[in-house]
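Colleague: below are the sequence and a predicted model; questions follow.
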Amino acid sequence: MLKPLGDRIVVKFEEVEETTASGFVLAGSSHEATKAATVLAVGPGSRTLHGDLIAPSVAQGDKVLVENGAGLDVKDGDDKFSIIREADILAVLD
Amino acid sequence: MLKPLGDRIVVKFEEVEETTASGFVLAGSSHEATKAATVLAVGPGSRTLHGDLIAPSVAQGDKVLVENGAGLDVKDGDDKFSIIREADILAVLD
Amino acid sequence: MLKPLGDRIVVKFEEVEETTASGFVLAGSSHEATKAATVLAVGPGSRTLHGDLIAPSVAQGDKVLVENGAGLDVKDGDDKFSIIREADILAVLD
Amino acid sequence: MLKPLGDRIVVKFEEVEETTASGFVLAGSSHEATKAATVLAVGPGSRTLHGDLIAPSVAQGDKVLVENGAGLDVKDGDDKFSIIREADILAVLD
Amino acid sequence: MLKPLGDRIVVKFEEVEETTASGFVLAGSSHEATKAATVLAVGPGSRTLHGDLIAPSVAQGDKVLVENGAGLDVKDGDDKFSIIREADILAVLD
Amino acid sequence: MLKPLGDRIVVKFEEVEETTASGFVLAGSSHEATKAATVLAVGPGSRTLHGDLIAPSVAQGDKVLVENGAGLDVKDGDDKFSIIREADILAVLD
Amino acid sequence: MLKPLGDRIVVKFEEVEETTASGFVLAGSSHEATKAATVLAVGPGSRTLHGDLIAPSVAQGDKVLVENGAGLDVKDGDDKFSIIREADILAVLD
């Protein structure tokens, strides 16, 4: 298991299969400004200038909207997830 | 529903249909410096360097003037709205 | 009416008609470093790092000197005014 | 009269007439790193991160040395002065 | 032995041998966004703006995931390790 | 006399005459990373974010080592000195 | 003697003579990411935003590992040393 540090958050982006007009199947949608993801693990949070922790505002299991292009990909065998920062999360989807 | 994080705010920009001299109909007006929008949802606010929250100065339902070009577009079926930051709001329209 | 947010200020720039040597009439003077304006509305002010408000140092009705090029134009029918930041105001004209 | 805001200071630069080897008379000296000026009016000062004012360290009537190129020119009829920031003043001339 | 200063951390990156389709053997994998490493030594931590130390959140022996490209290489005879900053560590691998 | 403001310091750089291999005499040495200077006058010091003064760590008469290229030249008749910032001083020469 | 100011530190880099395959002797090794050095003198330290000193974490005589390319060279007759900042020191060599 991955325990993210600081304000980092491990997410799994939703795979959106898309079929182009000419029939090609594209995995993922890179031409949107935002992407949906599920939160897998949450770091302890960021720190104020005085060193106090600010608890993250999302929790494991939350569905979130993330700025497209954010995060670093991590592979674990066939599994693929991403490590983003809390600031990359725009909103929680209820 | 979308619950924006931090100082983010979900807005719906006003669609301004415009007819050019030669008769073309343009959706939206990209040549203005500002755009009008309605606030749909408001995040908890930004934080001071000590970690205290500053409540946002707009509320759901407010009509606001936003700097043109600000925000990320989000689609929900046929619905289209935008996630901006409180600092992108120039003024509230009474 | 426009209620500016934060340290923003709504002003109306003075129209200075100018006649060139060859007789052209130019509206406004874009070749000066500063422009005169009248304050129409004032935001609540900027915030310190601790989140305290600093009240703006100009008030509605003040005549001010503004750095040229500052601000975003807003149109309201035939009326035209500008939203600037308090820091764009160089001085108050007594 | 001009009442400068914040850490701004109204100064009048010394006119230095200069004659080139070939006889041209140049007003002002743009090839020096510094320029002498007289302080005409002083703003309330800059603010700390906590919002406290720091009183400016020059006063009306002071002769000061200013970094060349600093400031914005303001014309009042035939009168010409400049608005600089306190940080543009290198030293007071006794 | 190396005693890292501040928020610096001495790590040994995992060597991942890789065989390309055409049979070349590549040492290390430079085309991933992240790399696994083992923590060898930990500095006293970073400091808040008030000068207080924030203890690092990893310890000697931890397996960590590091942003690819981070750190400076240090050679000690045939041994090779890297000095990174705590902020380059994305997550601890349990 | 010049009274420097803030963290500024008036210095006189040491003139180092240098003779090139071909016999040219060069005044000053621009190809070194540092230059020696004598402190002529010292400002009140820089300010912390709370507005408190930090007294400068050099005094009038000190011989100092300054980063080459730092400072603005000031001429007073035939006299030539420079105004630098305290941060441009690398070390005091005992 | 040199008394460094602030967070500056006077070091002497280790001269590493190196012989290339074709027999050239190179003084120093510029193709490493780090260089070893001995601390000769230490400044009083850096300051927090409140103006408090943070004592440096190295002392005279320490052997340290420094980021290559850091520092300014100072010559004293035939002697050559460098002035670096504490942040350029990666680790202390025990």
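Modeller: Nice, thanks for sending it over. Since we're looking at a predicted model, the values are computed, not measured.
Colleague: next, give phi and psi for A:Asn86.
Modeller: For the record, residue A:86 is Glu, not Asn. phi -60, psi -40 (degrees, to the nearest 10).
Colleague: residues contacting the nearest residue to it once chain neighbours are set aside?
Modeller: Setting aside the residues directly before and after it, A:Glu86 is nearest to A:Asp7 in space (Cβ to Cβ, 6 or more residues apart in numbering or on different chains), at 4.5 Å. Glycine gets a C-beta too; all of them are placed from N, C-alpha and C. With contacts defined as Cβ atoms under 8 Å, 6 or more residues apart in numbering or on different chains, A:Asp7 is in contact with A:43, A:45-46, A:56, A:85-87.
Colleague: briefly note if stretch A:41-61 comes near chain D.
Modeller: No. Looking at stretch A:41-61 against chain D by Cβ under 8 Å from any Cβ of the partner chain, there are no contacts, and the closest approach is 10.4 Å.
Colleague: wait, does that stretch contact chain B?
Modeller: Yes. Contact between stretch A:41-61 and chain B, assessed by Cβ under 8 Å from any Cβ, occurs at A:48-50, A:52, A:54, A:57-58.
Colleague: of the residues you listed, grab the buried ones for ChimeraX.
Modeller: Buried members of the residues of stretch A:41-61 next to chain B, identified by 16 or more other Cβ atoms under 10 Å in any protein chain shown, are gathered into one ChimeraX selection as follows:
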select /A:48,54,57,58
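Colleague: between the residues of stretch A:41-61 next to chain B, which sits nearest chain G?
Modeller: Proximity of the residues of stretch A:41-61 next to chain B to chain G (Cβ to the nearest Cβ) peaks at A:Leu49, which lies at 8.2 Å.
Colleague: assign a three-state SS to that closest one, would you?
Modeller: Recorded secondary structure, A:Leu49: coil (DSSP: H, G, I helix; E, B strand; the rest coil).
Colleague: I'd say it and B:Arg47 touch.
Modeller: No. With contacts counted by Cβ atoms under 8 Å, A:Leu49 stays clear of B:Arg47, the gap being 10.8 Å.
Colleague: not counting sequence-adjacent ones, nearest residue to A:Arg47?
Modeller: Spatial nearest neighbour of A:Arg47, chain neighbours left out: A:Leu53 (5.9 Å); criterion: Cβ to Cβ, 6+ apart.
Colleague: contacts only, for that neighbour.
Modeller: Neighbours of A:Leu53 in contact, by Cβ under 8 Å, 6+ apart: A:44-47.
Colleague: quick check: it vs G:His50, distance?
Modeller: Going from A:Leu53 to G:His50 by Cβ to Cβ, to the nearest Å gives 22 Å.
Colleague: can you check A:Asp79 too?
Modeller: A:Asp79 sits at a distance of 47 Å from G:His50 (criterion: Cβ to Cβ).
Colleague: now swap in A:Asp94 and tell me
Modeller: Using Cβ to Cβ, one obtains 43 Å as the distance from A:Asp94 to G:His50.
Colleague: swap in A:Ala87?
Modeller: With distances defined as Cβ to Cβ, the gap from A:Ala87 to G:His50 amounts to 27 Å.
Colleague: then A:Leu49?
Modeller: As judged by Cβ to Cβ, A:Leu49 and G:His50 stand 11 Å apart.
Colleague: what touches both of these two?
Modeller: Listed contacts common to A:Leu49 and G:His50 are E:49-50; contacts here mean Cβ under 8 Å, 6+ apart.
Colleague: A:Ala70: what's it in contact with?
Modeller: Contacts for A:Ala70 were tallied using Cβ under 8 Å, 6+ apart; they are A:82, A:84-85, A:88.
Colleague: closest one of these to D:Ala37?
Modeller: D:Ala37 has its nearest neighbour among those in A:Arg85, at 47.9 Å by Cβ to Cβ.
Colleague: leaving out sequence neighbours, find the closest residue to that closest one.
Modeller: Beyond its immediate neighbours in the sequence, the residue positioned closest to A:Arg85 (Cβ to Cβ, 6+ apart) is A:Asp7, lying 5.3 Å away.
Colleague: now stretch A:12-22: mean pLDDT?
Modeller: Mean pLDDT, computed over stretch A:12-22, is 73.
Colleague: contacting residues around the residue of chain A found nearest chain F?
Modeller: Of chain A, the residue with the smallest distance to chain F, taken as Cβ to the nearest Cβ, is A:Leu49 at 10.3 Å. Remark: with contacts taken as Cβ under 8 Å, 6+ apart, A:Leu49 is in contact with B:49-50, E:48-50.
Colleague: follow-up on the earlier one: can you tell me which of the contacts of A:Ala70 lies nearest to chain G?
Modeller: The nearest member of the contacts of A:Ala70 to chain G, counting by Cβ to the nearest Cβ, is A:Arg85 at 23.9 Å.
Colleague: ok, now which ones touch the closest one?
Modeller: A:7-9, A:70-71.
Colleague: and A:Ser82, by the same measure?
Modeller: Taking Cβ under 8 Å, 6+ apart as the criterion, A:Ser82 is in contact with A:10-13, A:37, A:70-74.
Colleague: what does chain A put close to chain B?
Modeller: For chain A, the contact set with chain B under Cβ under 8 Å from any Cβ comprises A:32-34, A:48-50, A:52, A:54, A:57-58, A:65, A:67, A:86-87, A:89-94.
Colleague: cutoff 6 Å now
Modeller: Residues of chain A found near chain B (Cβ under 6 Å from any Cβ of the partner chain) are A:33-34, A:48-49, A:52, A:54, A:57, A:89-92, A:94.
Colleague: flag the shaky bits of chain A, pLDDT-wise.
Modeller: Low-confidence regions of chain A, defined here as pLDDT under 70, cover residues A:16-31.
Colleague: residue nearest the centroid of it?
Modeller: Nearest to the centroid of the C-alpha atoms of chain A, with distances taken as Cα atoms, centre = their mean, sits A:Val11, at 3.9 Å.
Colleague: could you find the closest non-adjacent residue to that one?
Modeller: Of all residues not flanking A:Val11 in the chain, A:Ala37 sits nearest, at 4.0 Å (Cβ to Cβ, 6+ apart).
Colleague: look up how far chain D lies from that neighbour.
Modeller: With the distance defined as Cβ to the nearest Cβ, to the nearest Å, A:Ala37 ends up 36 Å from chain D.
Colleague: ok, now A:Glu32?
Modeller: Summarising the geometry, the distance separating A:Glu32 from chain D, computed by Cβ to the nearest Cβ, is 39 Å.
Colleague: enumerate every residue touching that residue.
Modeller: Contacts here follow Cβ atoms under 6 Å, 6 or more residues apart in numbering or on different chains; on that basis A:Glu32 touches A:Asn68.
Colleague: is it part of a helix or strand, or is it coil?
Modeller: Under three-state DSSP, A:Glu32 comes out as coil.
Colleague: narrow the contacts of A:Leu53 to those in strands?
Modeller: Counting by DSSP state E, the part of these found in strands is A:46-47.
Colleague: give the PyMOL command for selecting the buried subset of the contacts of A:Leu53.
Modeller: Remark: buried members of the contacts of A:Leu53, expressed as a PyMOL selection using 16+ other Cβ under 10 Å:
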select buried, chain A and resi 44+45+46+47
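Colleague: can you get me a residue count around A:Glu15?
Modeller: Counted by other Cβ atoms under 10 Å in any protein chain shown, the residues lying close to A:Glu15 total 10.
Colleague: repeat for A:Leu5
Modeller: The criterion is other Cβ under 10 Å. On that basis, A:Leu5 has 21 neighbouring residues.
Colleague: surely it meets A:Pro44?
Modeller: No. Counting by Cβ atoms under 6 Å, A:Leu5 stays clear of A:Pro44, with 7.7 Å between them.
Colleague: chain A: helices as residue ranges?
Modeller: Taking DSSP state H as the criterion, chain A carries no helices.
Colleague: what is A:Thr34 paired to in the beta sheet?
Modeller: When bridges are assigned using DSSP bridges, the partners listed for A:Thr34 are A:Glu67.
Colleague: residues touching A:Ile37, list them.
Modeller: Small correction: residue A:37 is Ala, not Ile. The neighbours of A:Ala37, taking Cβ under 6 Å, 6+ apart as the test, are A:11, A:13, A:64, A:66.
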